[in-house]
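A.B. asks: Build the 3D model from these lines:
(2 chains)
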2 protein chains.
Amino acid sequence: MTDADQHDADQHDASQHDASQHDGAGAGLQAGTTAQGVTAAAGFRAAGVTAGLKTSGKPDVALVVNDGPEAAVAAVFTSNRAQAHPVIWSRQVVGDGIARAVVLNSGGANCFTGPFGFQTTHLTAEAVADALGVGAGDVVVCSTGLIGVGDQTFRDNVLKGVGLASAALSPTGGPDAATAIMTTDTKPKQSVVTEDGWTVGGMAKGAGMLAPGLATMLVVITTDALLTSDELDQALRAATRVTFDRVDSDGCMSTNDTVVLMSSGASGTTPEVGDFQEALTAVCADLAKQLQQDAEGASHDIAIEVVGAVSEDDAVAVGRSVARNNLFKAAVFGNDPNWGRVLAAIGTTDAEFDPYAVDVSMNGVRVCHAGAPDEPSDAVDLTGRETHVLIDLGVGPHAATILTNDLTHDYVHENSAYSS
Amino acid sequence: MTDADQHDADQHDASQHDASQHDGAGAGLQAGTTAQGVTAAAGFRAAGVTAGLKTSGKPDVALVVNDGPEAAVAAVFTSNRAQAHPVIWSRQVVGDGIARAVVLNSGGANCFTGPFGFQTTHLTAEAVADALGVGAGDVVVCSTGLIGVGDQTFRDNVLKGVGLASAALSPTGGPDAATAIMTTDTKPKQSVVTEDGWTVGGMAKGAGMLAPGLATMLVVITTDALLTSDELDQALRAATRVTFDRVDSDGCMSTNDTVVLMSSGASGTTPEVGDFQEALTAVCADLAKQLQQDAEGASHDIAIEVVGAVSEDDAVAVGRSVARNNLFKAAVFGNDPNWGRVLAAIGTTDAEFDPYAVDVSMNGVRVCHAGAPDEPSDAVDLTGRETHVLIDLGVGPHAATILTNDLTHDYVHENSAYSS
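C.D. replies: Have a look, this model is predicted:
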């Protein structure tokens, strides 16, 4: 008997945020108390507690439990070869497609902390397992914070947090969990899509692309749809490829990035593959947009839309080269429509195009046409936060959009004085 | 009969800067009036004049002329596919191994300026050719400044500058030329090595690696050693590979980067290949160090030394990944020895190593050993400008050092409000 019985999908009313129906501009949070994030789907409980890991005294340990009846899981991790202990551990956990819980801590990445650090991850999983009556091998562990932090005090606090969180588990605990995983995030990030009889909900902490930077990106997504772990895996990879993988706030790849998707099957409904893919992608896109909007120190949210590419890979490569160009990003901070820096950036890629046949528009004004100035740059207004760069390579039918931010004084400040 | 007769190598006294004997810390400029840069070698004249391209009214057109008797040339250009008109032109000029002059302007990159821009480059070369009585196909053209700048006013000013510079040519004009090519540089950059009977001298404007950023990097090097263009080409590629290619101030690759090496043969001496390589590399290393020290907005000069690699390519890739990591660079700005960001950066490379067997030292303190904290970070003093990061991959005998700078408020400011 679990609390899942008290918390089924029909509790979610029409005010529930439907990420598939809007522009991804974070309206999920506007849904207020109905935004349950990871506890929106039936069969899940969550908690967020304060264990003393953060010097600020804010919540720092979150726990998300799948009460079933099923326990299917899929996950994607950072592609950085420098992987934190929780990543190494959790890769093993999800290998058999089964997980019962995800425990997450802020206040320390437990990365490059030696054998002691790996033991801490193991002990954390065991503590969760003991509290829930499941196997430690079914507990995913995520950590975020400074690399190199993972001493005895860290371990003691995490284990204390596991005890507190286990006792605080609630079918409405999603928002608390979303708050406890925040580091430099200024607001919790949740998103939910409810379809006919089943739900997908999630939480995230920032920021950047999956395999990005700033702080680590951690995402937990839950669903009560009845799906196998293989189906989850396929859907998750397809969704992250076009969402989290295309947020590239500062080009720096974390050691701890993790996206976990758990299915309880509590709805008893197996959706059409396409429908589930659509809902999952909408939740991921919404969370990705929220990550961009809350990126450290940013004053512009920049969408770099690349069209006319011979392949989607080319479009992504071109967009990413602009997203990682400090000169371009600093120019946007200064409201300077410096399209020359866009062309200089894309010229560094191997994508197929003629640099002298490219068009570049900024916020609707085509400032470069076929390798020469077009409309005057003065006509471009970059004073708003939303910034759109359109790059037409003119050689094919494929497109992709990369989300990034500007390079600001605040970015430099926050990252030169970082402490979690 | 040329002015070269009045200006042979024995004019250079012992106070001449010998780049091969010091740490590359820009001592060349301290040699004062004897630092002749591109006019240190016999057979060259140069000038720097004010043509009105810069709104500041500072010098903006430089001319370097090889009076022979030989006219061998070699050059390397940006690897950016987005290439400015002067680069496209100059590639053709040096193709036959012969060049008589290099004309350079600041105040506009003449890149993505349409067919008119290319015609401007062509007309510039013709104007120099007419003034000197040589062929336009033997005149290298370099431009630096904003991309997209290259209208009729730009053309008129450049051509006016060619006239003024031709009239001002002098066998002691090196320093004037070095001043005229400055953009955001705060000081001219010159270096000279004098060997027994022959000399190598050069000038540069910043900054970054060859194929870097900030502003464009332009370098002109002259020698009176008697060498073929093939010998020059081989020596230049070997020298730039370990000097300019390893300065990576902000990872942004310019559309205009050019390094030109001209030989007059006026000394009548053909040095041993190894001796010439050594002298040329010393001049390039000295100029590269000066570029790093004058990088826009920088408060730290960071040398990232990678040792224990299985190949030099691996060492370069690892060093470059750190040099391009904004989080690491912002941390150095804040005097924060955040070695976790070093490991997170190198984990993104394909280089051969075990992330959990890497040692990292900062300014002599080994803060990470075998994937765990070692000496306390508190022991690292980053308050000085010179910063040394030592990364021991522990898997081979190869090494490389990449030079970069920190990411500062001033960098963001200068590049958000850039105008040349």
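
A.B. asks: Kindly list the longest helix within chain A.
C.D. replies: helix A:273-293 (DSSP state H).

A.B. asks: Could you give me the buried positions within that one?
C.D. replies: Within helix A:273-293, the residues scored as buried using 16 or more other Cβ atoms under 10 Å in any protein chain shown are A:276-293. C-beta coordinates here come from the backbone N, C-alpha and C atoms, glycine included.

A.B. asks: Tell me who's in contact with residue A:188.
C.D. replies: The neighbours of residue A:188, taking Cβ atoms under 8 Å, 6 or more residues apart in numbering or on different chains as the test, are A:29, A:37, A:175, A:178, A:179, A:182, A:203.

A.B. asks: rerun at 10 Å
C.D. replies: A:29, A:35, A:37, A:48, A:174-182, A:203-205, A:290, A:294 (Cβ atoms under 10 Å, 6 or more residues apart in numbering or on different chains).

A.B. asks: And for residue A:241?
C.D. replies: By Cβ under 10 Å, 6+ apart, the contact list for residue A:241 reads A:76, A:210, A:281, A:284, A:312, A:316.

A.B. asks: Which pLDDT does the model give it?
C.D. replies: On pLDDT, residue A:241 comes in at 91.

A.B. asks: sorry, back to before: is the longest helix of chain A anywhere near chain B?
C.D. replies: No. Using Cβ under 10 Å from any Cβ of the partner chain, helix A:273-293 stays clear of chain B, coming no nearer than 16.1 Å.

A.B. asks: by contact count, what packs against that helix?
C.D. replies: Contact partners of helix A:273-293 among helices and strands, from 3 or more Cβ pairs under 10 Å, 6 or more residues apart in numbering or on different chains; DSSP states H and E: helix A:27-30, strand A:189-194, strand A:199-205, strand A:218-223, helix A:229-241, strand A:258-263, strand A:301-309, strand A:398-405.

A.B. asks: Out of those, flag the one nearest residue B:133.
C.D. replies: strand A:301-309 (48.0 Å; Cβ to Cβ).

A.B. asks: distance of residue A:144 from residue A:206?
C.D. replies: 10 Å (Cβ to Cβ, to the nearest Å).

A.B. asks: Give me the common contacts of these two.
C.D. replies: Applying Cβ under 10 Å, 6+ apart, one finds that residue A:144 and residue A:206 are jointly contacted by A:181, A:182, A:183, A:215, A:216, A:217, A:218.

A.B. asks: How many neighbouring residues does the residue lying closest to residue A:36 once chain neighbours are set aside have?
C.D. replies: In this structure, residue A:36 finds its nearest non-sequential neighbour in residue A:174, 4.3 Å apart by Cβ to Cβ, 6 or more residues apart in numbering or on different chains. Residue A:174 has 31 neighbouring residues, counting by other Cβ atoms under 10 Å in any protein chain shown.

A.B. asks: mind exporting stretch A:186-202 as CSV, just the C-alpha atoms?
C.D. replies: C-alpha atoms of stretch A:186-202 as CSV (Å, rounded to 0.1, in the frame of the first residue of the first chain):
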residue,chain,number,x,y,z
THR,A,186,16.9,32.0,-8.6
LYS,A,187,13.6,30.0,-8.9
PRO,A,188,12.5,26.3,-8.9
LYS,A,189,11.8,24.9,-12.3
GLN,A,190,8.9,22.5,-12.9
SER,A,191,6.7,21.5,-15.9
VAL,A,192,3.8,19.2,-16.3
VAL,A,193,1.8,17.9,-19.3
THR,A,194,-1.4,16.0,-18.6
GLU,A,195,-3.0,14.0,-21.4
ASP,A,196,-6.0,11.7,-21.4
GLY,A,197,-5.5,9.5,-18.4
TRP,A,198,-1.7,9.9,-18.0
THR,A,199,0.8,12.6,-17.0
VAL,A,200,4.4,13.6,-17.5
GLY,A,201,5.9,16.0,-15.0
GLY,A,202,9.4,17.1,-14.2
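
A.B. asks: if we can go back for a sec, can you name the two of the contacts of residue A:241 that are farthest apart?
C.D. replies: Spatial extent of those (Cβ to Cβ) is set by the pair A:76 and A:312 at 18.3 Å.

A.B. asks: The two: which is more packed in?
C.D. replies: Each of residue A:76 and residue A:312 has its neighbours counted (other Cβ under 10 Å); residue A:76 has more, 22 against 16.

A.B. asks: partner residues bridging residue A:102?
C.D. replies: Beta-bridge partners for residue A:102, by DSSP bridges, are residue A:64, residue A:140.

A.B. asks: can you pull the pLDDT of it?
C.D. replies: We have a pLDDT of 98 for residue A:102.

A.B. asks: Against residue A:261, how distant is it?
C.D. replies: The value you get for residue A:102 to residue A:261, if Cβ to Cβ is used, is 10 Å.

A.B. asks: what do these two both touch?
C.D. replies: Common neighbours of residue A:102 and residue A:261, using Cβ under 10 Å, 6+ apart, are A:73, A:75, A:220, A:222.

A.B. asks: Quick check: residue A:151 touching residue A:108?
C.D. replies: Yes. Contact criterion Cβ atoms under 10 Å: residue A:151 and residue A:108 qualify, at 8.7 Å.

A.B. asks: what touches both of the two?
C.D. replies: A:117, A:120.

A.B. asks: of these two, who's got more company?
C.D. replies: residue A:108 (28 against 16).

A.B. asks: Now do the phi/psi pair for the more buried one.
C.D. replies: Backbone torsions for residue A:108, taken as degrees, to the nearest 10, come to phi 160, psi 130.

A.B. asks: tell me the contacts of it?
C.D. replies: By Cβ under 10 Å, 6+ apart, residue A:108 lies in contact with A:53-54, A:60, A:84, A:117, A:120, A:143-151, A:153-155, A:157-158, A:420.

A.B. asks: Could you rerun that using 8 Å?
C.D. replies: A:53, A:143, A:145, A:146, A:149, A:150, A:154, A:158, A:420.

A.B. asks: Just the pLDDT at the last one, thanks.
C.D. replies: What it means is residue A:420. Predicted confidence (pLDDT) for residue A:420: 34.

A.B. asks: Equivalent analysis for the second one, please.
C.D. replies: Residue A:143 is assigned a predicted lDDT (pLDDT) of 94.

A.B. asks: Same question for the fifth one.
C.D. replies: Note for residue A:149: predicted pLDDT of 85.

A.B. asks: and residue A:412, how many residues sit next to it?
C.D. replies: 26.

A.B. asks: angle of the helix or strand that it is a member of against helix B:409-416?
C.D. replies: In the assignment (DSSP states H and E), residue A:412 maps to helix A:409-416. Using axes from the mean of the first three to the mean of the last three Cα atoms, to 10 degrees, the inter-axis angle of helix A:409-416 relative to helix B:409-416 is 150 degrees.

A.B. asks: neighbouring contacts of helix A:409-416?
C.D. replies: Contacts of helix A:409-416 with the rest of the structure, by Cβ under 8 Å, 6+ apart, involve A:184, A:214, A:250, A:296-299, A:333, A:405, B:326-327, B:330-331, B:333-334, B:336, B:407-409, B:411-413.

A.B. asks: what does the stretch 201-350 of chain A have sitting close to chain B?
C.D. replies: Proximity of the stretch 201-350 of chain A to chain B, by Cβ under 8 Å from any Cβ of the partner chain, involves residues A:213-214, A:250-255, A:324-327, A:330-331, A:333-334, A:336, A:338-341, A:343-349.

A.B. asks: Now which of those would you call buried?
C.D. replies: So, by 16+ other Cβ under 10 Å, the buried ones in these are A:213-214, A:250-255, A:324-327, A:330-331, A:333-334, A:336, A:338-341, A:343-349.

A.B. asks: Cool, thanks, talk later.
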